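Student: my questions are about this predicted structure, shown below with the sequence.
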Amino acid sequence: MASYQKILLCYDGSREGRKALRCGADLALDLKAETHLLSVVDMRSSIAQSAGLLTDVACGSFEKTARDILQEGVDWLTERGVTAQGHFAFGHPIDEIANLANELHVDLVVVGHRCRTGLSRWWMGAGNTPLLDRISCSILVACSSAQEQQQAAAA
């Protein structure tokens, strides 16, 4: 089994991101690994949602929200005994994850995944495939169980 000494956790505040954070924290503690946490503001989706009419105020709001999410993740890890260095980036998440993973020479990247079914999977394509091709380390994909998904849907 590979020895993971440096781990990059990717966190966006979503249910899937929280699952990745939990799994990554457990690994980091067990392996006593150097831990990094990344939060990315995806301006492409933000611009698309605003029909291209983003103001400086709106951009600042997206940045503040993402920085708050990053701090939430760092605080959560700290409460559980994991010391993590936080990183923040603007851009496409796949690009930013790959860039930081390569820059830091991490051994493992931990991401969350939202399971899609049927037409949604076919239409949307395999969003994480480009990440697999862009980094040379292992990737842990934290998926919610069927029970977790049902509980979230009921809530």
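Tutor: That came through fine.
Student: now the strands for the protein?
Tutor: Taking DSSP state E as the test, the strands found in the chain are 6-10, 34-41, 84-90, 108-113, 138-143.
Student: so which of these comes closest to residue 71?
Tutor: strand 84-90 (7.1 Å; C-beta to C-beta). The way it works is simple: take the backbone N, C-alpha and C, and place the C-beta from them, glycine included.
Student: what comes up buried for the closest one?
Tutor: By 16 or more other C-beta atoms under 10 Å, the buried positions in strand 84-90 come out as 84, 86, 87, 88, 89.
Student: and the fourth one, what is it in contact with?
Tutor: So that's residue 88. For residue 88, the contacting residues are 38, 39, 40, 41, 66, 67, 70, by C-beta atoms under 8 Å, 6 or more residues apart in numbering.
Student: list the contacts of the fourth one.
Tutor: For residue 41, the residues meeting the contact criterion (C-beta under 8 Å, 6+ apart) are 62, 63, 66, 88, 89, 90, 91.
Student: again, but for the second one
Tutor: Shown in contact with residue 39 (C-beta under 8 Å, 6+ apart): 11, 12, 13, 66, 67, 69, 70, 73, 86, 87, 88, 89.
Student: what does the first one give?
Tutor: For residue 38, the contacting residues are 8, 9, 10, 11, 70, 86, 87, 88, 89, 96, 97, 100, by C-beta under 8 Å, 6+ apart.
Student: neighbours around residue 96, how many?
Tutor: 20 (other C-beta atoms under 10 Å).
Student: tell me the spacing between it and residue 67.
Tutor: 14 Å (C-beta to C-beta, to the nearest Å).
Student: equivalent analysis for residue 12, please.
Tutor: 12 Å.
Student: between the two, who's got more neighbours?
Tutor: Relative neighbour count places residue 12 above the other of residue 12 and residue 67, with 21 against 14, counting by other C-beta under 10 Å.
Student: surely that one meets residue 40?
Tutor: Yes: the criterion here is C-beta atoms under 8 Å, and residue 12 meets it with residue 40 at 7.2 Å.
Student: and residue 100, how far from residue 66?
Tutor: Residue 100 is 14 Å from residue 66, by C-beta to C-beta.
Student: now swap in residue 9 and tell me
Tutor: The gap separating residue 9 from residue 66 is 15 Å, by C-beta to C-beta.
Student: also residue 40?
Tutor: 7 Å.
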